[in-house]
Each structure stands twice: as structure tokens, then as C-alpha cells.
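>>> Kindly generate the corresponding structure for this input.
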Amino acid sequence: MAHRVVTGVLRVLRALAPLLAAAPRDGAVPPVRSRRRLRGAFRRLPLIGAGWRRARRQARGGGTGPGTCPAPVSSSDASGAGAVPGDADRTNGQAADRGPAPRAAIDGEPAPDDTSASARHPGVQKDGPAQKDGPAQKDGPGQGDSSPDEARPESVDPPPETADSHPADPEPLRAGRPPRGVSVLLPPVVSHDRAAIAVDGGAVGGVTVRMATVRGRGHMQSGEGRQDAFAFHTDDELPWLVAVVADGVSTATHAAAASSEAVASAGRLVIDGLRNGPPDGPLWWQDVFERTAEDITRRTGSLPPDEAARRRWRMFAPGPPATTLAVLIASRTPAEDPRLFGAVVGDSRVLRLRDGAWSALLDARPTGGRGAGDERVQTLPQRPHALRTVATEWLPGEVLVLATDGFADAIGARSPLTLALGARWQHPPSLLGFLRDVDFRKATYNDDRTVVALWPENADMAVP
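Next comes the predicted model:
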């Protein structure tokens, strides 16, 4: 009850502030709304004092009983059926005859009389069971004046479902400090292959695949399109699967076209190379990346000048088309052939998740600080030789994650996102659940995100 007294005093002070600010200055009459608010606050004070005195009398009397008047129950105090007065309390003529005190006026206007049972619990009549055409009662039976021996319905049918009664769609995963809201602007051109969101997945042999890419909040706010891309390649004649991701450099021209051409060309070249056998060393990968760089140069060179990038970076001229690239080769049947091969240029990465713990399988970022020259992140088509490769094995129960830096940078040591995804991705999620996980909300992480995840199990054989 003490918090009600404090609330009443604060309400009076808040209503009194406009009067004190306006009246002494030039004799102006305070606004009508301020006068109404002040009157409403003063009218509420006697009710608060009466409730305080009733609570004190109840405490001295030893609780609620036939001889005492129950304390008023507000919407913020009632949390369930236990807050509804019982039949023993309703036999008290003092409470049944006159009911609870009416609400005080707000801003000087009389409040509607909503203290009846039907107002406190929609769908419940004052002197009978729940109405059939009203919303279902949430907590306990109706609180009419019927006797305890009268039969009461044990349950109420739920109301018919309408468009307004559907629950809101689950929000994306929130990990750590949430970001501030941004405006979502469409880019000048939107097509199915450059949409803000793309997701896919399914089974390949004994492997479950999930793929998703989302436009970052930074590009949403500036009205730019997504600059990440992914591709997934298989061949019925080969026992391999190939996953590819690329991240177009935002400060370069035709970043989206460079990443799209990189994943398409690299995937096709890797499949062609696997017809002669798996990678046998860095030279095998170097040939793939050199030819991919040539395809990127040829594709972006045929495009008109990127005026949008020039307007976006008015302070300096944008660089030539550039993109990172990461490729992962795995067997369709990891239980029989656990061999893994990968190569990366740039800051995209290959991660592994095992027993809830994350580790880097392949990371081509420079080990030094963020300096200039060779310490910068290398990209295609400028530096096809600046690649790192790996040849290892796919351990049982291990999840492989191929990701661009928009996702991989957020996977830190024991961060909330790391712990959450470590638990959620022990088994393949649904496509929609995977998309929500990739589209997580975390402050300062505003880049595009692209993830291809592989589970050594077939979880898509009987999808409902």
C-alpha cells in the first residue's frame, strides 16, 4: 500500500508542475488539461488514504474474514484465481451491497464504472456463469453472488479464432545488448536472387544442410541490397558436397555482383576438379581461386559504372569489385568417409561446433593488428594467392559451419549468442528456426550474415 501513497504524491507533483511554471511568469491561465489532471490527482488521494486505513485495520484484525472488509484488488495486484474473493467474503453485506469504491477521475474526467465483475473479468456475468459469446475466463470461475452449492462450469470454450487473435510471430534471437531500431529501406532494384532474405535446406546422403543469408541492418538503413551470397553444389556421380559463401566488400563497386559470381564460379570449378579426385594440396586450390578471380573480373567488367557506390562514398572513390570467398568440401556419408577439405580468402571462416563448444577450423584473417598493406583482409580478384587451406576429418557429432564475418565475428568466447546457438544447434533446426538464429539481434553487429551449416545426420527424412 505504501507504493500507492508515493504514487499519489508523485501524481500531484507532476500535475502541479505546469501550474507553477506558467502562472508566476505572466499571469497566464494554466492549460485546461493541467487543471483537470491536478483535480484528478487530488481526488485520488482520499481513496489512497482509505485503502491504506483498510489495510491497517485488516492487518490488526488478523487477515480477511467474515468480519473484515477485503482490501481492494487492482489489475496490477491480481495475478490469478487466488486474487478473486471467495464466497465467504461475498456473504459480507458490506462488500456485496456496495461493491468496491469507484475509480478516481483521470485528468478531471469521470472514469467509466468498470468495477463490476463483468468488467474485471470479461465474459463473466455478475450473477451467473460465463457468457457463451464473450472471451473465455482466464483464471477460475465467475465471481457472482451465487451460493457455494450452485453448480459452476469447470471450463469455458475458447472464443473463435480471428485475425486479431493470432499471436505475434516469434522474434529473432536476441543475444547480449539489443541494437537500436533502424529504418528498413528497399534498395533501388529487388529481385528473387538478391532478396534481403534467402533460406534453404534438406538432406544430402547422410548429411543435413541448412543455408541462410540475411541483409544486415546497416544496409537496411541505407537502402542498399544484400552483398553476401552462398551456393551449394552436388553431383550424382560424386560422393562429395560443396558449400561456398562470399562477402562482397561494401567499399567497392559492384560488391553484390562480385560475391554472386564468386560462389557460382568457385562451386562449378570445384565440382569439375573433384571429377579427377579430391584436393591434393594448395596448388589444387590455387588453380580454382585464380580461375574464379578471372570470372569475377570478367563479370563485373561488363557491368555499367556503379553510380550508387560513388554517391554512397562521396568522401573517396570506391575501390574495384572485391569479395571474400570460403569453400568447404565434405563427404555425403561422413560416417564412412570423414575427409574434409577447405580453402578461404578473406575474413569468412569455417567453424566447428562440438558439445556446445565452438572452434575455428579455417581462419584466414591476418594474425597481426589492423594495419595497412599485407595486414588488411585479402580479397578476390586482387589476391587469389592469399589463401589458406585445410585438410582434416569430420569428427562424429560435430557440426560444420561455413560463415561470413557478419555471423562469425559474433561467435566469441562464452558470449550469450555462442552459448545459445551451441545449445540450439546440437540438432538441425527447422528452416524458419535456422533463419531466425542467423538473423539474431545484437548491438553493433549490422553487417550481412550468411551461414551454411552441416550436421552428420539425416534429420529431414520425415518432416511433418
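>>> Residue 361: which element?
strand 357-363 (DSSP states H and E).
>>> My error: substitute residue 268 in the last question.
helix 255-274.
>>> quick one: average pLDDT of the helix or strand following that helix?
As assigned by DSSP H and E, the chain's next helix or strand after helix 255-274 is helix 282-301. Averaging pLDDT along helix 282-301 gives 97.
>>> next helix or strand past helix 282-301?
helix 307-312.
>>> Kindly format the C-alpha coordinates of the following helix or strand past that next one as CSV.
Sequence order places strand 323-331 as the next helix or strand after helix 307-312, per DSSP H and E. What follows is strand 323-331, C-alpha atoms only, in CSV (Å, rounded to 0.1, in the frame of the first residue of the first chain):
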residue,chain,number,x,y,z
THR,A,323,34.8,-10.1,-52.3
THR,A,324,35.9,-12.7,-49.8
LEU,A,325,35.4,-16.5,-50.5
ALA,A,326,35.3,-19.6,-48.5
VAL,A,327,34.8,-23.2,-49.8
LEU,A,328,34.2,-26.4,-47.9
ILE,A,329,34.2,-29.9,-49.4
ALA,A,330,32.7,-32.8,-47.3
SER,A,331,31.6,-36.4,-48.0
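>>> circling back to that earlier point, put the alpha carbons of the strand holding residue 361 into PDB.
Output of strand 357-363 as PDB, limited to C-alpha atoms (Å, rounded to 0.1, in the frame of the first residue of the first chain):
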ATOM      1  CA  ALA A 357      31.900 -25.500 -27.800                       C
ATOM      2  CA  TRP A 358      32.900 -23.500 -30.900                       C
ATOM      3  CA  SER A 359      36.300 -23.500 -32.500                       C
ATOM      4  CA  ALA A 360      37.800 -22.300 -35.800                       C
ATOM      5  CA  LEU A 361      38.600 -24.900 -38.400                       C
ATOM      6  CA  LEU A 362      39.800 -22.500 -41.000                       C
ATOM      7  CA  ASP A 363      40.500 -18.800 -40.500                       C
END
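>>> Summarise which helices and strands that strand is packed against.
Other helices and strands packing on strand 357-363, by 3 or more C-beta pairs under 8 Å, 6 or more residues apart in numbering; DSSP states H and E, are strand 339-345, strand 349-354, strand 388-393, helix 416-424. Bear in mind the C-beta positions are built from the backbone N, C-alpha and C, glycine included.
>>> Save the ones you listed as CSV, and put in distance to residue 317 and mean neighbour count too.
As requested, these are exported to CSV (distance: least, C-beta to C-beta, whole Å; neighbours: other C-beta atoms under 10 Å):
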stretch, distance to residue 317, mean neighbour count
strand 339-345, 24, 24
strand 349-354, 30, 21
strand 388-393, 30, 16
helix 416-424, 36, 17
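>>> Of all the ones you listed, which one comes closest to residue 14?
Closest of those to residue 14 is helix 416-424, at 37.6 Å (criterion: C-beta to C-beta).
>>> The closest one vs strand 357-363, what angle?
If you take axes from the mean of the first three to the mean of the last three C-alpha atoms, to 10 degrees, helix 416-424 sits at 100 degrees to strand 357-363.
>>> any residues touching helix 416-424, and which ones?
173, 175-176, 353, 356-358, 410-412, 433, 437, 440, 442 (C-beta atoms under 8 Å, 6 or more residues apart in numbering).
>>> Check which helices and strands the following helix or strand past that helix is in contact with.
Following helix 416-424 in sequence order, the next helix or strand is helix 431-438 (DSSP H and E). Where contact means 3+ C-beta pairs under 8 Å, 6+ apart, helix 431-438 is packed against strand 197-204, strand 207-214, helix 416-424, strand 449-455.
>>> just to revisit the earlier point, rank the helices and strands packed on strand 357-363 by mean pLDDT and give me the bottom one.
helix 416-424 has the lowest average pLDDT among these, namely a mean of 93.
>>> pLDDT (mean, whole number) over the helix holding residue 268?
Regarding helix 255-274, the rounded mean pLDDT is 97.
>>> Now it: buried residues?
Buried positions in helix 255-274, judged by neighbour count with 16 or more other C-beta atoms under 10 Å: 255-271, 273-274.
>>> got it, and stretch 407-416?
Of all the residues in stretch 407-416, those buried under the rule 16+ other C-beta under 10 Å are 407-411, 416.
>>> again with stretch 294-311
So for stretch 294-311, counting by 16+ other C-beta under 10 Å, buried means 295-297, 299-300, 306, 308-309.
>>> how about low-confidence regions in the chain?
1-5, 12, 15-56, 58-170, 313-315, 367-375 (pLDDT under 70).
>>> still on that earlier bit, alpha carbons of the helix holding residue 268, as PDB, please.
Extracted in PDB, the C-alpha atoms of helix 255-274 (Å, rounded to 0.1, in the frame of the first residue of the first chain):
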ATOM      1  CA  ALA A 255      30.000  -5.800 -54.400                       C
ATOM      2  CA  ALA A 256      26.900  -7.900 -54.800                       C
ATOM      3  CA  ALA A 257      27.800  -9.000 -58.300                       C
ATOM      4  CA  ALA A 258      31.300  -9.900 -57.200                       C
ATOM      5  CA  SER A 259      30.000 -12.200 -54.400                       C
ATOM      6  CA  SER A 260      27.400 -13.800 -56.600                       C
ATOM      7  CA  GLU A 261      29.900 -14.600 -59.300                       C
ATOM      8  CA  ALA A 262      32.400 -15.900 -56.800                       C
ATOM      9  CA  VAL A 263      30.100 -18.500 -55.300                       C
ATOM     10  CA  ALA A 264      28.800 -19.600 -58.700                       C
ATOM     11  CA  SER A 265      32.200 -19.900 -60.300                       C
ATOM     12  CA  ALA A 266      34.000 -21.500 -57.400                       C
ATOM     13  CA  GLY A 267      31.300 -24.100 -56.900                       C
ATOM     14  CA  ARG A 268      31.300 -25.100 -60.500                       C
ATOM     15  CA  LEU A 269      35.100 -25.200 -60.700                       C
ATOM     16  CA  VAL A 270      35.400 -27.300 -57.500                       C
ATOM     17  CA  ILE A 271      32.800 -29.900 -58.800                       C
ATOM     18  CA  ASP A 272      34.800 -30.100 -62.100                       C
ATOM     19  CA  GLY A 273      38.000 -30.600 -60.200                       C
ATOM     20  CA  LEU A 274      36.500 -33.300 -58.000                       C
END
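>>> That'll do, ta.
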